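> how does the following fold in three dimensions:
(chains A and B)
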Amino acid sequence: MKFRGGSKVEKIAPQMAPMIDVVFQLLIFFMLTLKIVSPEGEFGINMPLSGSTSTDDQPLIPEMEVRVIASPNGELGMLQLNGRNLGNDEQAFLDLTAAVRQIAGDPTEDTASDDLSVKIDPDYDLNYRWFIKTVGAVSGDKLPDGTTVPLVGNIKFAQARQPQ
Amino acid sequence: MRVKSPEPNVAEVDMTPMIDIVFQLIAFFMVITNFENTRADERVKLPIDAIARPIEAPRDKDLVLNVGYNRLADGTIDPDFPDPLVLNTVPDGDVSIDRADSVLAREARGFQDEGTKLEDVTVVIRSDAEVPSGQIQQLIAKAQAEQFTMFAVKAQQAEE
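Okay, the predicted model is just below:
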């Protein structure tokens, strides 16, 4: 018996146009929603309700008090650690970190010490940026190689003062 | 003489490299798109700090409070609304810090209604760098009055 030709293989041509449409839609969506911003970080603040701490929870190292005094325009007027003036410039924050690190000993662990406690007491009108800078200065020490040594694990805020 | 009919000369476009590139671009944009920041308000100019660390794992329960100013197009604070506001609260919109009690009370009720303990909820404060610190302390005190105990303050990480 003679067959005419072999069975022809049908070549299936996939429809590329709808896929390319969808892919371009996705591309444009992601391009339009893109916002190039620096990543955000944060500091944890422990504010237990008054009366909820027992005497057993008292830390071994006395609580440090950092006072941040504002100038009349809300900028940094004076930074104090336990009543000692540290200044009102960038060096004051480095000195604060050094002093906290000295109290902390030589922390080598990756986690901040919960035995260390700092209460930050800013003037009412102090710009929030100085408040955060103070929190950063007691939270950790940034080394020249870019690594951060965590310091105080227990940061509290004092009661708000009256506006000047 | 037998003449072969010339085959039609159809130029075929090779789509493969283009699709490769487009998929690469889509993957890139998907990875860098920050869906975490959808609750952030663009009016808030966060303070910058080198020590602030990003959270290691997303939280189950948190309450994000954006605190900032109504600003004009040139970035200055709108003189008609000189006081800092808690921005984009639901359903009240922007409210002053003095009136934040009702927002916090409603959020606390919402968490309690869904069976979440308030001590497991972190109140995340994203505040503008120019807000007076006392206003943030007052906001924290109001949140404490509603039995919130865990707080986090946000800062923008300094460029290396």
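> how near is the residue nearest the centre of chain A to B:D78?
The centroid of chain A falls nearest to A:E42 when counting by C-alpha atoms, centre = their mean (2.4 Å). According to C-beta to C-beta, to the nearest Å, A:E42 and B:D78 sit 28 Å apart. Any C-beta I mention is one placed from the backbone N, CA and C, and that applies to glycine too.
> now the residue nearest to the centre of chain A, what's its secondary structure?
strand (DSSP: H, G, I helix; E, B strand; the rest coil).
> ok, it touching B:R53?
Yes: look at A:E42 against B:R53 with C-beta atoms under 8 Å: they come within range, at 7.1 Å.
> report the mean confidence score over stretch B:105-118.
The average pLDDT within stretch B:105-118 is 92.
> helix or strand next in line after the longest helix along chain B, which one?
For chain B, the helix with the greatest residue count under DSSP state H is helix B:16-32. Using DSSP states H and E, the next helix or strand after helix B:16-32 towards the C-terminus is strand B:48-49.
> so how far is that next one off the chain centroid?
17 Å (C-alpha atoms, centre = their mean, to the nearest Å).
> in its sheet, what does that strand sit against?
strand B:150-157 (parallel) (DSSP bridges).
> now the strand it pairs with, how far from the centre of its chain.
With C-alpha atoms, centre = their mean, you get 12 Å for strand B:150-157.
> so what touches it?
With C-beta atoms under 8 Å, 6 or more residues apart in numbering or on different chains as the test, strand B:150-157 has contacts from A:37-47, A:132, A:135-136, B:46-50, B:52, B:54-55, B:62, B:119-127, B:136, B:140, B:143.
> now for the residue nearest to the centre of chain A: which residues touch it?
B:A52, B:R53, B:P54, B:I55, B:V124, B:A152, B:V153, B:K154, B:A155.
> just to check, the second one is in contact with A:P39?
No: in this structure, B:R53 is not within contact of A:P39 by C-beta under 8 Å, at 9.9 Å.
> who has more neighbours, these two?
Set B:R53 next to A:P39 and count neighbours by other C-beta atoms under 10 Å in any protein chain shown: B:R53 wins out with 18 against 12.
> what is the burial count for the residue nearest to the more buried one when sequence neighbours are not counted?
Counting by C-beta to C-beta, 6 or more residues apart in numbering or on different chains, B:R53 lies nearest to A:G41, which is 4.8 Å off, once chain neighbours are set aside. A:G41 has 22 neighbours, counted by other C-beta under 10 Å.
> contacts only, for A:G41.
A:G41 touches B:D49, B:I51, B:A52, B:R53, B:P54, B:K154, B:A155, B:Q156, B:Q157, counting by C-beta under 8 Å, 6+ apart.
> any quick ChimeraX command for the buried ones out of those residues?
Those of the contacts of A:G41 that count as buried under 16 or more other C-beta atoms under 10 Å in any protein chain shown are selected in ChimeraX with:
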select /B:49,51,52,53,154,155,156,157
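> which among the contacts of A:G41 gets closest to chain A?
Chain A has its nearest neighbour among the contacts of A:G41 in B:A52, at 2.8 Å by C-beta to the nearest C-beta.
> I'd say that closest one and A:F43 touch.
Yes: counting by C-beta under 8 Å, B:A52 does reach A:F43; the two are 6.2 Å apart.
> which neighbours do those two share?
Counting by C-beta under 8 Å, 6+ apart, the common neighbours of B:A52 and A:F43 are A:I132, A:G136, B:A155.
> and residue 92, how many neighbours?
You didn't say which chain, so I picked chain A. A:A92 has 21 nearby residues by other C-beta under 10 Å.
> not what I meant, chain B
When neighbours are defined as other C-beta under 10 Å, B:D92 has 13 of them.
> A:I132 too?
For A:I132, the neighbour count with other C-beta under 10 Å is 26.
> now the longest helix along chain A: mean pLDDT?
Ranked by residue count under DSSP H, the longest helix found in chain A is helix A:16-33. For helix A:16-33, mean pLDDT is 85.
> low-confidence ranges, the chain, go.
Just going to use chain A. A:1-8, A:36-38, A:49-60, A:106-113 (pLDDT under 70).
> meant chain B, my bad for not saying
Ranges of chain B meeting pLDDT under 70: B:1-8, B:34-38, B:159-160.
> and the helices in it?
Taking DSSP H to define them, one finds helices in chain B at B:16-32, B:100-113, B:133-145.
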